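>>> Sequence first, then the predicted structure, then my questions.
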Amino acid sequence: MTMRALVAAVQMVSGPEVGDHLAQAAALLEEAAAAGARLAVLPENFALLGSDEHDKLDIAETDGNGPVQAFLAEQARRHGIWLVGGSVPLRSEEAERVYSACLVYDSAGERRARYDKIHLFEVEVGAQEAYCESRTVKPGRLQPVLVDTPFGRLGLSICYDVRFPELFRRLVADGMELLAIPSAFTATTGAAHWQTLVRARAIENQCFVIAPGQGGEHPGGRRTHGESMIVGPWGEMLARLDKGPGVALAEINLEALHQLRRRFPALTHRRF
C-alpha cells in the first residue's frame, strides 16, 4: 500500500450539455494527473446538471454500458489514476426514476465499486427554492460501500449523505481511511453548513475527506456553493477552492493518520 499519495478534488460548473461537461471533466482530470494526482474525485452530476430534474432520465445508462461510464473508464486508464466518478444516473426498475450511482475505476480502467445514493434531498431551502429528489431518483440499498485502493480503504457517499453521521460510523467501523463526498450543495445550504459538515465527518471518523462540488451559476438559474476541499483527519484544511472549475490537490499520508488514531484513540472509546 502507498502510504503517501497526491489526491485531487475536481470542481465543475455543469449544465445540460453532456458533451461539453465531459470535455470539461477531461481537461480538469488531465490537469490533476499532470500535477501527479493518483486518485481524483469528480463532483455529483458532473456530466449533467439540468434545469429540470427529469433531464437525467434522458441520459440514464444501463449499469456497465454507456458513454459516461465509458468516459470514466477511459480517463482512469489514460491517466493511470484511480477515479471516483461523482454521480452517474443509472436506470432502475422504474421508468421514471434512476439510481444516482458513484462509480470507482482503478488505474487500468476497471470498475471496482458502485454506491447508490441512499439519502435523497427532500427540502424547502426557501420560499422559492424547494427540492424533491425522490421524484426522479430511487434510493440505494442501505448498504455502505468501501473499496480497497492502493491509498487506503475508501468510503463512498454523495452530497446529502454528509448530514447523516451514522452512515460514516458504519464505514469507519469497517475500516474506512479515506472518504469521498462528491456533491452539488446549493448556494444557500452550502454557505451555512458545507464546511462544518465536511470537517466534522473528517474529525469524528479520523479520516481524510475528499469533497469536490459543483461551484457556480448553472443554466436555469440554479446556484451551487462550490468550496471543494480536501480535509485531514484532525479537521485541517489541506486544499480548498472557491467558485468555478478547478482542481484542489493535497497529499494524504496514511502513516500520519494511523499515528493520530494511536495517539488519540477516540474511535475505540465509542459506547454506542
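Cool, the structure landed. This structure is a prediction, so every number in the text was calculated from the model and none was measured.

>>> From now on I want contacts and neighbour counts done on CA atoms only, so please keep to that.
OK.

>>> in the protein, which spans are helices?
When assigned using DSSP state H, the helices of the chain occupy the ranges 18-34, 55-59, 67-79, 165-173, 187-189, 195-205, 254-263.

>>> Pretty sure residue 255 sits against residue 5.
No. In this structure, residue 255 is not within contact of residue 5 by CA atoms under 8 Å, at 11.3 Å.

>>> Settle it for me: which of those two has more neighbours?
Between residue 255 and residue 5, residue 5 has the larger neighbour count (other CA atoms under 10 Å), namely 17 against 12.

>>> For residue 252, give its distance to residue 66.
Going from residue 252 to residue 66 by CA to CA, to the nearest Å gives 32 Å.

>>> Neighbour count for these two, which is higher?
residue 252 (25 against 13).

>>> My guess is the more buried one contacts residue 37. True?
No. Between residue 252 and residue 37 there is no contact under CA under 8 Å: 10.7 Å.

>>> Spell out which residues are contacts of both of those two.
5-7 (CA atoms under 8 Å, 6 or more residues apart in numbering).

>>> I'd like those laid out as TSV, including pLDDT and distance to residue 16.
TSV is the format used below for the shared contacts of residue 252 and residue 37 (pLDDT from 0 to 100; distance: CA to CA, whole Å):
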residue	pLDDT	distance to residue 16
5	97	34
6	98	31
7	98	28
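
>>> Filter the residues you listed down to the ones in strands?
Applying DSSP state E to the shared contacts of residue 252 and residue 37, the entries found in strands are 5-7.

>>> about what we covered before: to residue 215, which of the helices of the chain lies closest?
Residue 215 lies closest to helix 187-189 among the helices of the chain, at 8.4 Å (CA to CA).
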